[in-house]
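Chemist: Sharing a sequence plus its predicted fold:
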Amino acid sequence: MQKIKNHAEELASQIRDGSFKAVDAVESSLDKIQKKNSALNAIISTLNERALDRAQQIDKATTRNGKLFGVPVVVKDNFCVEGSQTTAGSKILKGFVSNYSATVIERLEAQGAVVIAKANMDEFAMGSSNENSAYGAVKNPWNEACVPGGSSGGSAAAVASEMAPIALGTDTGGSIRLPAHYCGVYGLKPTYGRVSRYGIVAFASSLDQAGPMARSVRDLSLAYDSVAGFDHKDSTTYTETAVDTYSKLTSNIKGKRIGVVTSHIENVDQNNKELITKAIDTLKSLGATVVEIDLPYTENSISVYYMIATSEASSNLARYDGIRYGVRAEGATLDELYENSRGLGFGPEVKRRIMLGTYALSSGYYDAYYKKACQVRRLIKNGFQAAFEKCDLIVGPVATSSAFKLTERSQDPLKMYLNDIYTTSINLAGLPALSAPIGIQKDGLPVGLHLIAKAYDEQVLLNVALSLEEALPGFERTAGVRG
Amino acid sequence: MKNSKRRILVISSETVKHVAKLARLKVSDNEVNEYSKQLSRVLEHFESLKAVNTEGVEPLVTPNPASEYRRVDEVVPSKEANTWISHSPDKIGNLVKVPTVVG
């Protein structure tokens, strides 16, 4: 068997022209999962038979023009893939087999991609460290004593450890960007409405957005173009049908105005700060100008986010009642059956968030909590709008540090929530944002740079990320690829 | 916020039990104590929002305007009923079994 190519772009091109076989690519990826997953726990289930069948069809196909032709892809286990188990990292969905595929899965497959596995995740995408999965914590491929970030931690670890060149994740408050930062891969959270949510397990519907993770900007762009665009099954999707960032990719960023909030960079740990400052200097040397901006409500965004996200979640998760699907516990009455099934099936963090959201929406508290949060949400959005009058994009930290140790923060929910300070406001405002790896700090853990743009301007994020990818020294990717 | 008067909000065990009932969640006594402490702490943090002046600010419930698209009102075939019923943990034929609702 030939050695599998590192990147989707190259691999798809070789499978299209017949010099590499999709079956070999899929087998090689499944083999890597088998070798590495016992250490990383990045994967909940593999789709061997389905994937190999599809790969065989691709090798025989007469039309050979998909963007991701024959490329193995890992998807977070909250995407429905027809005929496969979807757990959302929860015990309550154990044994649930989807009878249809999410729109983004259909789109990936229409471009020739082969879904090979479902990635581990925080239960119902609720978490920043991937320690809240009913299937156990995921380990960071760079240092197995550390968290990979959450909630798309399995997807990030799978890409970082080269199980597949591309993975899909979802981002409700940072769940693509945090693990991308911690695992040293690219992660794109598209504009709210860019990517269909049909067939994705809902967490907080006004915040959820699916997006790709990859080891190069060109792969990220290919994957994003494959899944983005209007879907009549999701009325929040933007009406533009075709999205083509790949053909417009350029690393020429001359004249781009880059907004920076200096206090955000001052707040992060020294090692991260040095790399972020170096990346900003690199952007300047490439012809960008840096302007100081102000985002006045950043400190409030965590409170606003957790109020809105838990309120929406308490409503979305009402559907898990033990009646139509999932785990059912005994109960003498219907209410008892609901209570017992939900008590048994949901993990502690999910229960905590349902409780918080139910409290916020309950009689007498709605105006004080939910409504107040929605008002500050508008101020947050207005703050970004004012900032974007001065700049084309904003750069800053994704989190205050690199990956932290497993269990270090898991006993203190508030401390864990505070970790999301730089990511949640982007979801509240519905903006696109990207985490781009910019280096490895002294303790051997990767650091990402957070790039934020105006709604629907994913192109500028990809272009600036490409300019950094070309200008900064590449990673010596020794971690996570052992064996 | 620094200058606002901070009211210590304690979510009592009774409140936790009431909310658990509303959320149809069975919680153990241990969980009641734990949630009481943890939710109080989270809500205390939320108190900082009181310092933000939101007078006259229209609440924002969804970040970007939805598309104007409206689906054509026509019947389209769906999967067989049994495809959906097959997910249910307890069923008889095409019917989902539940405890007695009306006695």
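Modeler: Looks like it came in fine. Residues are numbered from 1 along each chain as shown, chains lettered A, B, ... in the order given.
Chemist: Tell me the buried residues in the least confident helix or strand in chain A by mean pLDDT?
Modeler: Ranked by mean pLDDT, DSSP states H and E, the weakest helix or strand in chain A is helix A:413-418, scoring a mean of 83. In terms of neighbour count (16 or more other Cβ atoms under 10 Å in any protein chain shown), helix A:413-418 has its buried residues at A:Pro413, A:Met416, A:Tyr417. C-betas here are computed from N, CA, C, even on glycine.
Chemist: ditto for stretch A:33-47
Modeler: Those would be A:Ile33, A:Lys36, A:Asn37, A:Leu40, A:Asn41, A:Ala42, A:Ile43, A:Ile44, A:Ser45, A:Thr46, A:Leu47, for stretch A:33-47 by 16+ other Cβ under 10 Å.
Chemist: May I have the phi/psi pair for the nearest residue to A:Ala160 once chain neighbours are set aside?
Modeler: The shortest distance from A:Ala160 to any non-neighbouring residue, by Cβ to Cβ, 6 or more residues apart in numbering or on different chains, is to A:Cys183 (4.1 Å). With angles defined as degrees, to the nearest 10, A:Cys183 sits at phi -110, psi 0.
Chemist: so A:Cys183 makes contact with A:Gly150?
Modeler: No. Contact criterion Cβ atoms under 8 Å: A:Cys183 and A:Gly150 do not qualify, at 11.0 Å.
Chemist: higher neighbour count, these two?
Modeler: A:Cys183 (35 against 32; other Cβ atoms under 10 Å in any protein chain shown).
Chemist: Quick check: the residue of chain B nearest chain A.
Modeler: Nearest residue of chain B to chain A, counting by Cβ to the nearest Cβ: B:Pro63, 2.5 Å away.
Chemist: Please list all residues in contact with that residue.
Modeler: Contacts of B:Pro63 were listed using Cβ atoms under 8 Å, 6 or more residues apart in numbering or on different chains, and they are A:Tyr192, A:Ser206, A:Leu207, A:Lys381, A:Asn427, A:Leu428, A:Ala429, A:Gly430, A:Leu431, A:Ala455.
Chemist: Please list the members of these that lie in helices.
Modeler: The helices, defined by DSSP state H, take in A:Lys381, A:Asn427, A:Leu428, A:Ala429 from those.
Chemist: which residues does the residue positioned nearest the centre of chain B contact?
Modeler: With distances taken as Cα atoms, centre = their mean, B:Ala23 lies nearest the centre of chain B, 7.1 Å away. Going by Cβ under 8 Å, 6+ apart, B:Ala23 touches A:Ser314, A:Arg342, A:Ile354, A:Met355, A:Thr358.
Chemist: And the second one, which helix or strand is it part of?
Modeler: In this structure, A:Arg342 is located in helix A:334-345 according to DSSP states H and E.
Chemist: Any buried residues in that helix, and which?
Modeler: Residues of helix A:334-345 classed as buried: A:Leu334, A:Leu337, A:Tyr338, A:Glu339, A:Asn340, A:Ser341, A:Arg342, A:Gly343, A:Gly345 (neighbour count, 16+ other Cβ under 10 Å).
Chemist: same check, this time on stretch A:154-170
Modeler: In terms of neighbour count (16+ other Cβ under 10 Å), stretch A:154-170 has its buried residues at A:154-170.
Chemist: all helices in chain B, in order from the N-terminus.
Modeler: Here chain B has its helices, by DSSP H, at B:13-22, B:29-46, B:81-85.
Chemist: Output the contacting helices and strands for the second one.
Modeler: Contacting helix B:29-46 under the criterion 3 or more Cβ pairs under 8 Å, 6 or more residues apart in numbering or on different chains; DSSP states H and E are the following elements: helix A:298-316, helix A:348-361, helix A:413-418, helix B:13-22.
Chemist: got the contact list for the second one?
Modeler: Residues outside helix A:348-361 that contact it (Cβ under 8 Å, 6+ apart): A:90, A:122-124, A:126-127, A:132, A:306-307, A:309-315, A:317, A:343, A:346, A:365-366, A:369-370, A:373, A:413, B:11, B:15-16, B:19-20, B:22-23, B:25, B:27, B:31, B:35, B:38-39, B:42-43.
Chemist: run the last query once more with 7 Å
Modeler: A:123-124, A:126-127, A:132, A:307, A:310-311, A:313-314, A:317, A:365, A:369-370, A:413, B:19-20, B:22-23, B:25, B:27, B:35, B:38-39, B:42 (Cβ atoms under 7 Å, 6 or more residues apart in numbering or on different chains).
Chemist: Check the longest one too.
Modeler: Taking Cβ under 7 Å, 6+ apart as the criterion, the residues outside helix A:298-316 that touch it are A:172-173, A:202-207, A:353-354, A:356-358, A:360-361, A:369-370, A:373-374, A:376-377, A:380, A:417-418, A:420-421, A:424-425, A:428, B:23, B:42, B:45-46, B:48-49, B:52.
Chemist: Next one: residue 90, what pLDDT does it get?
Modeler: Going with chain A. A:Ser90 carries a pLDDT value of 98.
Chemist: my bad, chain B
Modeler: We have a pLDDT of 91 for B:Asp90.
Chemist: Need the nearest residue in space to it, chain neighbours excluded.
Modeler: The shortest distance from B:Asp90 to any non-neighbouring residue, by Cβ to Cβ, 6+ apart, is to B:Lys97 (4.3 Å).
Chemist: Was I right to think that neighbour contacts B:Lys91?
Modeler: Yes. The criterion here is Cβ atoms under 7 Å, and B:Lys97 meets it with B:Lys91 at 5.9 Å.
Chemist: Chain B versus the residue nearest to A:Asp208 when sequence neighbours are not counted, what's the distance?
Modeler: In space, and not counting its chain neighbours, A:Asp208 is closest to A:Thr172: 5.0 Å by Cβ to Cβ, 6+ apart. Separation of A:Thr172 from chain B (Cβ to the nearest Cβ, to the nearest Å): 12 Å.
Chemist: And the contacts of the lowest-mean-pLDDT helix or strand in chain B?
Modeler: Lowest mean confidence among the helices and strands of chain B (mean pLDDT, DSSP H and E): helix B:81-85, at a mean of 88. Contacting residues not belonging to helix B:81-85 are listed as A:Asn99, B:Lys91, B:Asn94, B:Val96 [Cβ under 7 Å, 6+ apart].
Chemist: Same question for stretch A:102-109.
Modeler: Against stretch A:102-109 from outside (Cβ under 7 Å, 6+ apart): A:68, A:73, A:75, A:79-81, A:115, A:168, A:195-196, A:198-200, A:210, A:226-227, A:231, A:233.
Chemist: again with stretch A:77-84
Modeler: So stretch A:77-84 is contacted by A:44-45, A:47, A:50, A:75, A:86-89, A:97-102, A:104-105, A:115, A:118-121, A:125, A:168, A:170, A:199-201 (Cβ under 7 Å, 6+ apart).
Chemist: Might you report the residue contacts of residue 25?
Modeler: Went with chain A since none was named. Residues near A:Ala25 by Cβ under 7 Å, 6+ apart: A:Ile4, A:Leu11, A:Ile15, A:Gly70, A:Val71, A:Pro72.
Chemist: My question was about chain B, not that one.
Modeler: By Cβ under 7 Å, 6+ apart, the neighbours of B:Leu25 are A:Glu339, A:Arg342, A:Gly343, A:Lys351, A:Ile354.
Chemist: Reformat the residues you listed as TSV; add pLDDT.
Modeler: Below are the contacts of B:Leu25 laid out as TSV (pLDDT from 0 to 100):
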residue	pLDDT
A:Glu339	97
A:Arg342	97
A:Gly343	96
A:Lys351	96
A:Ile354	97
